[in-house]
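>>> Sequence and predicted structure are below.
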Amino acid sequence: MSYLILGSGGLGCALAHELAERGEAWLLAGRQLPKGLDPACYFPLQEVDPLSFEALFTLYDGDSLPTVVINTIGLLHDLAHMPERRVEEVTPEWLEESLQANAWPHLALGACLSRLMTPESRLWLCSLSDLAGSLAAADRSPARRYSYRMSKAALNMGARILAGEWAERFPGAGVITVHPGLMDTPMQQPFRQEIGAARLQDPALVASRLLDLLGTLTPAHSGRFVDLQGDPLPW
C-alpha cells in the first residue's frame, strides 16, 4: 500500500513515523518535515488553498495514485482566536476560516483525486473529524465552540455526499471520517488543565490504531463516521 498524509501536525507526524517503521510507502504534505524522516518523502504544503493542492497532485497520475489518503488538517484556534463560548463571539471571518481549514480540504482532495481516478481505481480517502461535529451529540456537550463544531459537521456531511458520488463513479474507492479522540498535541495545549492530562492520548498510539483500522475497511464502510475501533458514530 502507499499513503498520502495531509497535515504535519501531531497526528500527521506520528503517522509518517509509524509508516516509516512499518516499511510502507508514504508521502507527507504539510508545513514542516518531521525530524528523523526522509526528506524525499515530504512535500511542502504551506497553504490550504487550491493552488497548493494542485501543485501537490502534479506528483501523481492515474497509474501512481496512493491507495490511502489521510487528511489530518484541522483548526481549533490560532493566535488571534479561541473557540467561542458565547454566540456573541462568533464572527463571519473566523467561521469562514474554520470551514476553510476543517471542511474544505476533504472536498479539495476529493476533487483532485476524482480528476485522476478511473472506475477501476482502488483507494480510500479518510478525514479526521470530531464527535463534536455530530448533531446527535450536540446537546450532550457543554463546550460551545461554534465555528469548530459547525465546520466539523460540514466535513461529515461533505464526506457522506462524496461517498455517494464515488459509489456511482468509482465503486472501488471509499470515503470515511474518523473521530480519533483527544490527543496530546499543540491543538489541545491551551485546554490541558480543563481536559485533564489523563484523557489526552499519545498521537503515536492513535496513529497505529488508525492505520490498523484503515487496513480492515471494506466497501461497506464507505460513507461512515466511526471511532478508532471502527464502531459507527451518530451523525
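Looks like it arrived, so ask away. Numbering: from 1, shown residues only.
>>> Now do the residue of the chain positioned farthest from its centre against residue 146, distance only.
Most distant from the centre of the chain: residue 88, at 28.9 Å, with distances by C-alpha atoms, centre = their mean. Going from residue 88 to residue 146 by C-beta to C-beta, to the nearest Å gives 10 Å. All C-beta atoms are positioned from the backbone trio N, CA, C, and that covers glycine.
>>> So, low pLDDT: which residues of this structure?
Where the chain drops to pLDDT under 70, the residues are 62, 138-143, 185-199.
>>> Give the next helix or strand downstream of the lengthiest helix in the chain.
When the chain is parsed with DSSP state H, its longest helix is helix 146-169. Once the chain leaves helix 146-169, the next helix or strand it forms, by DSSP states H and E, is strand 174-179.
>>> which other helices and strands contact that next one?
strand 124-128, helix 146-169, strand 224-227 (3 or more C-beta pairs under 8 Å, 6 or more residues apart in numbering; DSSP states H and E).
>>> That strand - which strands sit beside it in the sheet, and in what orientation?
Strand pairing for strand 174-179, determined by DSSP bridges: strand 124-128 (parallel), strand 224-227 (parallel).
>>> any chance of these in TSV, plus mean neighbour count?
Shown next, in TSV, are these (neighbours: other C-beta atoms under 10 Å):
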stretch	mean neighbour count
strand 124-128	24
strand 224-227	18
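>>> I'd like those strands as JSON lines, with distance to residue 153 appended.
Formatted as JSON lines, these follow (distance: least, C-beta to C-beta, whole Å):
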{"stretch": "strand 124-128", "distance to residue 153": "13"}
{"stretch": "strand 224-227", "distance to residue 153": "11"}
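>>> Of those strands, give the one that comes closest to residue 19.
Closest to residue 19 of the strands paired with strand 174-179, according to C-beta to C-beta: strand 124-128, at 13.6 Å.
>>> Mind checking the helices and strands packed on strand 174-179 for the one nearest to residue 79?
Nearest of the helices and strands packed on strand 174-179 (C-beta to C-beta): helix 146-169, 15.5 Å.
>>> pull the CA atoms of the closest one into PDB?
Output of helix 146-169 as PDB, limited to C-alpha atoms (Å, rounded to 0.1, in the frame of the first residue of the first chain):
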ATOM      1  CA  TYR A 146     -19.400  27.300  17.400                       C
ATOM      2  CA  SER A 147     -17.100  27.700  14.400                       C
ATOM      3  CA  TYR A 148     -15.100  24.500  15.100                       C
ATOM      4  CA  ARG A 149     -18.200  22.300  15.600                       C
ATOM      5  CA  MET A 150     -20.100  23.700  12.700                       C
ATOM      6  CA  SER A 151     -17.200  23.200  10.400                       C
ATOM      7  CA  LYS A 152     -16.700  19.600  11.500                       C
ATOM      8  CA  ALA A 153     -20.400  19.000  10.900                       C
ATOM      9  CA  ALA A 154     -19.900  20.300   7.400                       C
ATOM     10  CA  LEU A 155     -16.900  18.000   7.000                       C
ATOM     11  CA  ASN A 156     -19.100  15.000   8.000                       C
ATOM     12  CA  MET A 157     -21.800  16.000   5.500                       C
ATOM     13  CA  GLY A 158     -19.300  16.600   2.700                       C
ATOM     14  CA  ALA A 159     -17.800  13.200   3.300                       C
ATOM     15  CA  ARG A 160     -21.100  11.400   3.200                       C
ATOM     16  CA  ILE A 161     -22.100  13.200   0.000                       C
ATOM     17  CA  LEU A 162     -18.800  12.400  -1.700                       C
ATOM     18  CA  ALA A 163     -19.100   8.700  -0.700                       C
ATOM     19  CA  GLY A 164     -22.400   8.500  -2.500                       C
ATOM     20  CA  GLU A 165     -20.900  10.200  -5.600                       C
ATOM     21  CA  TRP A 166     -17.900   7.900  -5.600                       C
ATOM     22  CA  ALA A 167     -20.100   4.800  -5.200                       C
ATOM     23  CA  GLU A 168     -21.500   5.600  -8.700                       C
ATOM     24  CA  ARG A 169     -18.400   6.900 -10.400                       C
END
